[in-house]
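make a model of this:
(chains A and B)
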Amino acid sequence: MPGYAIVLASGKLERLQAVSNIASIAAASDVPVDVFATMDGLEAFDAETVANGDFEMGPIGRAMLEHEEADMALFTENLERARDIGDIEVFACEMSMDMLGKDLDAYVDLFDDVLGVAGFLNRARDKQVVFV
Amino acid sequence: MSETAYEPDVTIDARGATCPGPLMDLIGKVKEAESGTVIELLTSDSGSKNDVPDWVDETDHEYLGIEEDEDYWRLYVKVA
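Numbering: from 1, shown residues only, chains lettered A, B, ... in the order given. You can find the predicted model right below:
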């Protein structure tokens, strides 16, 4: 299995969770995964946004956050855990950061590096690309 | 803890955690366990019932079975 290159362009909680769930199980199963967070998908990793749980979400996202009996790990925790036991790298889109005048310090401490489109395409060449 | 027919060497209590927590816990343990280790996974996430055997299917490990308790399940995996 050559692995997945996931373009995460959505800031919607349900999509962030779905990406982190699939990416983390794939990586933990020794399937290489690259996650390229861009546009709204990158902004969901903003440290303040994560701290406040201030995500765009629908009914399932709200249910996940409010469920009393189920303990749902946030997408950031899933990805962090996947890095501990699997083959996964997470990249931040340079252009999105430039537009907002931000650097990696503004985001949760999860990113391996900053990447442009060419860098992403190089890494994605031998992988299946998934756009979310 | 209820009686089980599988004689586990290790127990992971992932009750309360949602997908993919229980499976991640299991994979983490499988990776560090010695060959022949029988792992018991306690989960209240009903998705684990299919997800764990589906994951084991793609590996060399062995899915031994499942037992049901009142509000959770016990799944057994033997490490290859």
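
for chain A, see how far away B:Leu64 is.
Distance of B:Leu64 to chain A, given as C-beta to the nearest C-beta, to the nearest Å: 19 Å. (Each C-beta comes from the backbone N, C-alpha and C, glycine too.)

Three-state assignment for that residue, please.
With DSSP: H, G, I helix; E, B strand; the rest coil as the basis, B:Leu64 sits in strand.

kindly report the same for A:Ala82.
At A:Ala82 the chain is in helix, as set by three-state DSSP.

what sits closest to it if chain neighbours are left out?
Sequence neighbours aside, A:Ser24 is the residue nearest to A:Ala82 in space, at 3.5 Å (criterion: C-beta to C-beta, 6 or more residues apart in numbering or on different chains).

is it correct that that neighbour falls within a helix?
Yes - applying three-state DSSP, one finds A:Ser24 inside a helix.

so what's it up against?
A:Asn78, A:Leu79, A:Arg81, A:Ala82, A:Gly86, A:Ile88, B:Pro20, B:Met24 (C-beta atoms under 8 Å, 6 or more residues apart in numbering or on different chains).

determine the set of other helices and strands touching the helix or strand bottoming out on mean pLDDT in chain A.
Lowest on mean pLDDT, DSSP states H and E among the helices and strands of chain A sits helix A:59-66, with a mean of 89. For helix A:59-66, the elements it packs on are helix A:13-28, judged by 3 or more C-beta pairs under 8 Å, 6 or more residues apart in numbering or on different chains; DSSP states H and E.

next one: A:Cys93 relative to A:Arg123, how far apart?
Using C-beta to C-beta, to the nearest Å, we find A:Cys93 at a distance of 13 Å from A:Arg123.

my error: substitute A:Pro59 in the last question.
Distance, A:Pro59 to A:Arg123, using C-beta to C-beta: 35 Å.

tell me which of the two has more neighbours.
Legend: neighbour count by other C-beta atoms under 10 Å in any protein chain shown for A:Pro59 and A:Arg123, higher for A:Arg123 (17 against 8).

quick check: closest non-adjacent residue to that one.
Closest residue in space to A:Arg123, ignoring its immediate chain neighbours: A:Asp34 at 5.2 Å, by C-beta to C-beta, 6+ apart.
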